[in-house]
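*Asks:* sequence first, then the predicted structure:
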Amino acid sequence: MILDLHSHSIASDDGRAKVENYCQWIERKGLPLDGFVLTEHRQFDDASDYRALEDRFGLLILKASEVETEYGHVLVFGVNDDLRAAFDFARIDNPIAMVLAESERCGAVAVPCHPGRPKVGMCAHWETRGPVEGVRIVETLNGGSREGENEIAERYAEEHGWSRIGGSDSHIVSHIGRCATRFEEDVRDIDGLVRALRGGRFDAVRPEID
Amino acid sequence: MTAEELKRKFTGWVFDEIDLDITSESLVGFATACGETLPKFTDPTDPDFQGVPNYLTRIHGTRALPEDFPVEMHRCFDAGKSVEFHAPVRPGDRIHGTSEIADIYEKSGRTGSMLFIVHRMNFFDQRKTHLATVDWRLVQREFDA
């Protein structure tokens, strides 16, 4: 099963893609995706209901969040009321150690994304501020990365034994599915995604190449 | 001042108002510049002649920001506009526009932290019909409270 674990819709301030248009693009292009996860910036989009689109297009559409920390951006899967009460998703200076620990405590999974990217990726901060405890998974394939950034992420994952996910980081329709994550088991909902991420049987892929 | 403090102080109140008259020439000129070809947007003799839905994005107030707003303009750039269309603009309309700061927030990107200031203009015609809401985002780079 292949899911794009990092995408943004118009619910994000810099997103230009409607969720329906992502679905139409996946169908029209025949992309080998079984679904995607909306990871809106600095918020959790509680209000939107995509069940009708899921039925219409035969895709799994899940919701997560991309929060910001002093070590860069972090995807959080399995957002719930406890986690939303634990820290302010809108802040750009959340302590990464707290985000990782609270996600663990609340039954969610936190994944530093585009870690090889300057300023908003974890690796550069790791060099200057020191190691971070609690990292289990990182995004080693990010569709918005510039040359060399994914390679830095891959090197860190290799050195530290972290698991790897992929996501397109799409903000426009045509970028969906550029990178994704292949799971060995079926994922049917957000709880299943959290279980699968905790299980560790997945890898980052480029769907149209791999 | 932090982004949250700025938001508390400057959002939610009108700091500028303007009035202007709409002409056919202005509507046609803007539509043509946009590459529009539909007669209802380009031909003043069309029975449904009106401005293109984004016409009012061309209108600015007399001030970009409230008086005393602490921003370093040399580190700012225009992050674009979005428009929510409510009703058409017609030639002969007298438009009333109000400006307020709708939101202030931070985000971090490849170039560092940024402060986003959302300048919202609401436009009404002479019948008080709400025509459009235009959000203009101004960004200050390397924002450091």
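*Replies:* Arrived safely.

*Asks:* can you pull out the low-pLDDT segments for chain B?
*Replies:* B:143-145 (pLDDT under 70).

*Asks:* and the longest strand seen in chain A with chain B, contact?
*Replies:* Longest strand in chain A by number of residues (criterion: DSSP state E): strand A:60-69. Yes - against chain B, strand A:60-69 shows contacts by CB under 8 Å from any CB of the partner chain at A:Glu68. Every C-beta, even on glycine, is put in place using the N, C-alpha and C of the backbone.

*Asks:* which other helices and strands contact the helix or strand just after that strand?
*Replies:* For strand A:60-69, the following helix or strand on the C-terminal side (DSSP states H and E) is strand A:72-77. If you count contacts as 3 or more CB pairs under 8 Å, 6 or more residues apart in numbering or on different chains; DSSP states H and E, strand A:72-77 packs onto strand A:2-7, strand A:60-69, helix A:96-105, strand A:109-112, helix A:122-129, helix A:190-199.

*Asks:* for the record, mean pLDDT for strand A:72-77?
*Replies:* Mean pLDDT, strand A:72-77: 98.

*Asks:* before we move on, back to that, ranking the helices and strands packed on strand A:72-77 by burial, who's on top?
*Replies:* strand A:2-7 (a mean of 28; mean count of other CB atoms under 10 Å in any protein chain shown).

*Asks:* one step back: give the other helices and strands that the longest strand of chain A contacts.
*Replies:* strand A:2-7, strand A:35-41, helix A:51-57, strand A:72-77, helix A:96-105, helix A:190-199.

*Asks:* ok now the second one, how far from the chain's centre?
*Replies:* Spelled out, that is strand A:35-41. 7 Å (CA atoms, centre = their mean, to the nearest Å).

*Asks:* repeat that for stretch A:81-89.
*Replies:* The answer for stretch A:81-89 is 18 Å, by CA atoms, centre = their mean.

*Asks:* quick one: low-confidence parts of chain A?
*Replies:* Those would be A:209-210, if you go by pLDDT under 70 across chain A.

*Asks:* try it again at 50.
*Replies:* Applying pLDDT under 50 to chain A flags no residue at all.

*Asks:* close to chain B: what parts of it are there?
*Replies:* Counting by CB under 8 Å from any CB, chain A sits next to chain B at A:13, A:41-42, A:68, A:72-73, A:90-92, A:117-120.

*Asks:* shouldn't A:Phe44 be within a strand?
*Replies:* No - the assignment for A:Phe44 (DSSP: H, G, I helix; E, B strand; the rest coil) gives coil, which keeps it out of a strand.

*Asks:* contacting residues for it?
*Replies:* Listed by CB atoms under 8 Å, 6 or more residues apart in numbering or on different chains, the contact set of A:Phe44 reads A:63-65, A:79, A:84, A:89.

*Asks:* so residue 83 is in which element?
*Replies:* Since you didn't name a chain, this refers to chain A. helix A:81-86.

*Asks:* looking at chain B here, not the other one
*Replies:* Using DSSP H and E, the element containing B:Val83 is strand B:76-85.

*Asks:* buried stuff in the helix holding A:Leu83?
*Replies:* Buried residues in helix A:81-86, counted by 16 or more other CB atoms under 10 Å in any protein chain shown: A:83-84, A:86.

*Asks:* biggest helix in chain B, by residue count?
*Replies:* helix B:24-33 (DSSP state H).

*Asks:* and after that one, which helix or strand comes next?
*Replies:* helix B:39-42.

*Asks:* list the buried ones in that following helix?
*Replies:* B:41-42.

*Asks:* may I have that helix as CSV, with CA atoms only?
*Replies:* Extracted in CSV, the C-alpha atoms of helix B:39-42 (Å, rounded to 0.1, in the frame of the first residue of the first chain):
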residue,chain,number,x,y,z
PRO,B,39,-18.1,40.2,-23.7
LYS,B,40,-19.7,40.6,-20.3
PHE,B,41,-16.3,41.7,-19.0
THR,B,42,-14.9,43.5,-22.1
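
*Asks:* run the chain-centre distance for that helix.
*Replies:* Distance, centroid of helix B:39-42 to centroid of chain: 23 Å (CA atoms, centre = their mean).

*Asks:* among the residues of chain A next to chain B, the buried ones, what's the PyMOL command?
*Replies:* Selection command for PyMOL covering only the buried members of the residues of chain A next to chain B, criterion 16+ other CB under 10 Å:
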select buried, chain A and resi 13+41+42+68+72+73+90+91+92+117+118+120
